[in-house]
Structures are given as structure tokens and as C-alpha cells.
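# Quick one: sequence and predicted model below, then my questions.
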Amino acid sequence: MPKDLTPRYTVPGIEREAAGRLIGLLRLRLHALNDLHLTLKHIHWNVVGPHFIAVHEMVDPQVDRVRDMADDVAERIAALGGVAQGTPGALVAERTWDDYSIGRADALAHLGALDVVYTGVIEGVRAAVKEAGEIDPATEDLLIEQLRDLEQFQWFVRAHLESAGGSLATDGARTEEQGAARGGDL
């Protein structure tokens, strides 16, 4: 990522240096959302097993909403005077996480891995909300709205991984492989 993201101009009421901080944190959110929408489509295409149709149909509305979120973040970057880097090369070069590692797999294995993915994305959004809140309520509000939707999507995923007694199969899973193994054990 370029070291200085300070724009030449920004929205009224925000200093250029503060806008640069916002642009930096939004760039990573844009990358995370673009990566998430591609990961969701990957799952959509590679899910198999008796729960295939439920997962196949559940993830498409999530893909659509995540793509809309990415668009909103990119437009906020532009409004702040920055450049929304939405290319695959920028995503790969600047991301702080590894590529989704599960290929063709049972629906519950994918959902176990996706639970771990959502946890990482949500933790990143929460950190961005905190930082944005110190600078700009409009950017903070955008991120909070997205956080609510992402948490709901994770709840949908976790509903498949939760027992009637309330225990989560992926509890304690830190990697996609661990999540997939625990989800696949159901």
C-alpha cells in the first residue's frame, strides 16, 4: 500500500491527513469485501452433499449484498479524495490474510470454514468502526451498517453449525481448515 494516502482534497469538515487515514482503512475493507464476495461465489460453485441446495441458495444473496458493500466503500474512498483500488493485483498485494483454502467440499465443511472467514472480516470491520469513529461519523455509520449485515450472514451460517443445546461446532476454530473439519464432523 502506498505510504501516503493523503488526498489533494476531501469532504468538508475533515482534514486531508485524517481523510488519508480513512482512505487507508477503507482500502483494506474494500479488499476484504471483494475477497469475501469471490469466496462466497467459490463456495456456491464448489459445495456438494445433502445440504447443497440450502447453502447454494443461501450464499447468493450474501454475494449480492457484499458486492453492494464494496461499491459503497469504493464510493466513500472516492468522495474522500482517494483512489478505490479494486483490481485483483491490489487486493492480493495489500491483503493481510491468505486465500480461501477449501476446494470442493461438503456443505457443512464449507460453512465451518466460512464461519472462520466471517469472524475475520467482522473483526476487521469492528476495528475500522472504532478508528473511523474517531474521525468521521459518516464513514463510521457506513461501516456499522455493513457490520450488522455481516453479523446476520454469519448467524445464518452458524445456524447450520449450532446444536439444539447451543454449542457451536466451530467454537475455537482459528483456521478455515479447522472450521471445515469441525463443520464436516456434524
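Looks like it came in fine.

# shaky segments in this structure?
1-3 (pLDDT under 70).

# residue boundaries of the strands in it?
47-48, 105-106 (DSSP state E).

# any chance of the ones you listed in JSON lines, plus mean neighbour count and distance to Gly184?
For every residue, glycine as well, the C-beta is placed using N, CA and C. Output for the strands of the chain, formatted as JSON lines (neighbours: other Cβ atoms under 10 Å; distance: least, Cβ to Cβ, whole Å):
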{"stretch": "strand 47-48", "mean neighbour count": "19", "distance to Gly184": "11"}
{"stretch": "strand 105-106", "mean neighbour count": "20", "distance to Gly184": "5"}
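
# Would you mind giving these as TSV with distance to Arg67 added?
Shown next, in TSV, are the strands of the chain (distance: least, Cβ to Cβ, whole Å):
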stretch	distance to Arg67
strand 47-48	19
strand 105-106	24
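
# if we compare these, which one ends up closest to Tyr118?
Among the strands of the chain, the nearest to Tyr118 by Cβ to Cβ is strand 47-48 (15.9 Å).

# partner strands of the closest one, parallel or antiparallel?
Here strand 47-48 is paired, per DSSP bridges, with strand 105-106 (parallel).

# wait, which of the strands of the chain is closest to Ala70?
For the strands of the chain, proximity to Ala70 was assessed by Cβ to Cβ; strand 47-48 is nearest, at 22.4 Å.

# what's the spacing between Ala164 and Asp185?
For Ala164, the distance to Asp185 equals 16 Å [Cβ to Cβ, to the nearest Å].

# When those two are compared, which one has more neighbours?
The residue with more neighbours, out of Ala164 and Asp185 and counting by other Cβ atoms under 10 Å, is Asp185; that gives 10 against 5.

# Need the single longest helix in the chain, by residues.
helix 16-46 (DSSP state H).

# Could you name the helices and strands sitting against that one?
With contacts defined as 3 or more Cβ pairs under 8 Å, 6 or more residues apart in numbering; DSSP states H and E, helix 16-46 has these neighbours: helix 52-79, helix 88-94, helix 107-133, helix 137-159.
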